[in-house]
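*Asks:* Generate a structure from the sequence data that follows.
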Amino acid sequence: MALTQTANHHTQGSIVNHKEHQIPFISKIAAPLLWLFFFTSIALLTYYLIEKPFWNIQNIFSINSFTLLIWTTVTFFSAIVSTYSKSYLNGFTYQAKFTALCLGFTLSVMLFVMSSHIAPFLICWLAMGFFMAQLIGVDSKWGEAREASNFAQKFFLTGTICLGIGVILLAYTTQQYTILGIMDNLSMVSDYTLIVAALFIILAAIIQSAIYPFHRWLLSAMTSPTPASALMHAGFVNGAGILLALFASVMVSSNTLTLLFIIGGLTAIIAQFTKLLQVNVKQKLACSTIAQMGFMIMQCGLGFFNAAVAHLILHGFYKAYLFLSSGEEIAQGTPHKPHKISIKPLEAVVVLVFGIAGAYLFSILTGKTDMTDSSIFLTLIVAITVGQTTYNIVKQESFSLVQKVFVPIALFVTGIVLYALLYNGVTIAMADLPMIEQPQPLSIIQIVFGIIFLIGFFIMKLGVYRKVPWLYVKLMNISQPNAQTVLKYKTLQK
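*Replies:* Residues are numbered from 1 along each chain as shown. Presented below is the predicted three-dimensional model:
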């Protein structure tokens, strides 16, 4: 809690001391400009899906439905953040700098997803990391912010180097210097070279998405203002899903999907555990984001890159809201004994039935009816989600028996229908990309890991980890930010 309070106090102090300052011009025009970009992206996406035009600029930049889908997503989040920060950061010394960096980040993402040639592609990936690192350390007079910015920038530079090695290796081997050209000529690449290139691209993806063991930069980024945190968690960390979708052919051809599945699954389990140990709002949200990124990588490992993109869009909406409303959650509290999970036999039956029904509805709406391939894991995740929601409802003492029966039905039907619509819409928008949906035959590794995943989920829900001191300490240690970004410079400030 101390870190969050310190960050909020520092920012609020700047606002109080500079209250008489007018809103900078760039902060006034940023939100309207981004909203214009958002509505223009929607219009272009609609036109593209109807007319299917060919938009290509000298094989350097190209625009397709996937490009426009990501434009629509990132401009929406940026517009929301810019609108919010206009008043939230009013009087903040670095408000103009913050706005300029947000605009720079948004434009770099837009250029990244429209880059055909590998040169602007890599430059924009580097620019995304640069702008985000600067947002983390936007208050350059704050020692911890500088340290957090430098710490994050090292990770982002490493990720760019890894991506550069992977992409340039493929380009050199195929003698193609556009993303599409590389994908069309993967048959020219030897198995060894393909695996090496895929591993470097995977490294770049998991570094940006703060996947274990590259997660500490995100835990250390709490020095950024809350609007920057919202943009970071709603837009920046999702970059892995976009990157892996663009290189889906490489992942499938190199047989590295199982590696993605295991990396994502382990991260999802560990981060969910560490989330339960946190005592301040932002750290809880950071651990939650890491877990969600694990799920996203896991979906890529299952061969469902379209599901990963749908997941990153939904996660963006959810996490942007949570960060922008996080101030409402800060309150003084006292430790209390965790509620023991207990469920009556009838309630257990209701949870089980609704979980199965929700999974069945999802499989029908999305066409995932084959239970002999990796799509069963998507269905399983839906079943767990519906079951968890149902459990939360049936344990509500204020609900009547009728409400406990019909409220879960209304929630899971509405939620799954909306998710299925988004999933199918994303699939249509990604139709121009190769291998966006490649269900994999079930393997022993997947089955074993699926069982481990379920065991981990129930251990987490039952709170068993609290009775294992060494596990508790280990989880607490790996969920701490870099030491240099916490309370190292306060005595030097006046």
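*Asks:* Could you tell me which ranges of the stretch 151-300 of the chain sit under the pLDDT cut-off?
*Replies:* Applying pLDDT under 70 to the stretch 151-300 of the chain flags no residue at all.
*Asks:* on contacts alone, who are the packing partners of the longest helix anywhere in the chain?
*Replies:* Ranked by residue count, the top helix of the chain under DSSP state H comes out as helix 143-174. Packing partners of helix 143-174 (3 or more CB pairs under 8 Å, 6 or more residues apart in numbering; DSSP states H and E): helix 118-136, helix 179-184, helix 191-208, helix 216-219. For the C-beta atoms, the positions are set from N, CA and C on the backbone; glycine is no exception.
*Asks:* Following the chain onward from the host helix or strand of I50, which element is next?
*Replies:* Taking DSSP states H and E as the criterion, I50 maps to helix 25-51. Per DSSP H and E, the first helix or strand lying C-terminal to helix 25-51 is strand 55-57.
*Asks:* what's next to that following strand, contact-wise?
*Replies:* With contact meaning CB atoms under 8 Å, 6 or more residues apart in numbering, strand 55-57 is reached by 62-64, 116.
*Asks:* Go ahead and report the secondary structure state at K474.
*Replies:* Following DSSP: H, G, I helix; E, B strand; the rest coil, the label given to K474 is helix.
*Asks:* what about it, distance to V468?
*Replies:* The gap separating K474 from V468 is 9 Å, by CB to CB, to the nearest Å.
*Asks:* out of the two, which sits in the busier spot?
*Replies:* Each of K474 and V468 has its neighbours counted (other CB atoms under 10 Å); K474 has more, 15 against 12.
*Asks:* Compute the distance between the more buried one and L277, please.
*Replies:* 11 Å.
*Asks:* same deal with L163?
*Replies:* From L163 over to L277 the distance is 33 Å, taken as CB to CB.
*Asks:* out of those two, which sits in the more crowded spot?
*Replies:* L163 (25 against 16).
*Asks:* Could you find the closest non-adjacent residue to the more buried one?
*Replies:* A204 (3.6 Å; CB to CB, 6 or more residues apart in numbering).
*Asks:* before we move on, the earlier item: just among the contacts of strand 55-57, which is most surrounded?
*Replies:* The most crowded member of the contacts of strand 55-57, judged by other CB under 10 Å, is N64 (23 neighbours).
*Asks:* Quick check: the gap between that one and I70.
*Replies:* Between N64 and I70 the computed distance is 10 Å (CB to CB).
*Asks:* before we move on, the earlier item: give me the neighbour count for the residue nearest to L163.
*Replies:* Neighbours around A204, by other CB under 10 Å: 28.
*Asks:* Next, the contact list for L157, please.
*Replies:* Contacts of L157 (CB under 8 Å, 6+ apart): 126, 129.
*Asks:* Turn the contacts of strand 55-57 into TSV, columns for secondary structure and distance to I179.
*Replies:* TSV is the format used below for those (DSSP: H, G, I helix; E, B strand; the rest coil; distance: CB to CB, whole Å):
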residue	secondary structure	distance to I179
S62	strand	9
I63	strand	13
N64	coil	11
S116	coil	6
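*Asks:* would you list those residues in a markdown table and tack on distance to L378 and pLDDT?
*Replies:* Converted to a markdown table, the contacts of strand 55-57 look like this (distance: CB to CB, whole Å; pLDDT from 0 to 100):
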| residue | distance to L378 | pLDDT |
| --- | --- | --- |
| S62 | 30 | 93 |
| I63 | 30 | 93 |
| N64 | 25 | 93 |
| S116 | 31 | 94 |
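*Asks:* could you pull out the strands for this protein?
*Replies:* Ranges of strands in the chain, per DSSP state E, are 55-57, 61-63.
*Asks:* Quick one: neighbours of Q22, just the number.
*Replies:* 9.
*Asks:* just Y84 next, same as before
*Replies:* Neighbours of Y84 using other CB under 10 Å come to 17.
*Asks:* if I look at it, how far off is F98?
*Replies:* Counting by CB to CB, the gap from Y84 to F98 is 12 Å.
*Asks:* how far is stretch 220-233 from where the chain is centred?
*Replies:* Distance, stretch centre to chain centre, for stretch 220-233: 13 Å (CA atoms, centre = their mean, to the nearest Å).
*Asks:* Please parse the chain into its domains.
*Replies:* 41-329+471-492, 345-429 (automatic domain parsing).
*Asks:* nearest to I455, of the ones you listed?
*Replies:* I455 lies closest to domain 41-329+471-492 among these, at 9.3 Å (CB to CB).
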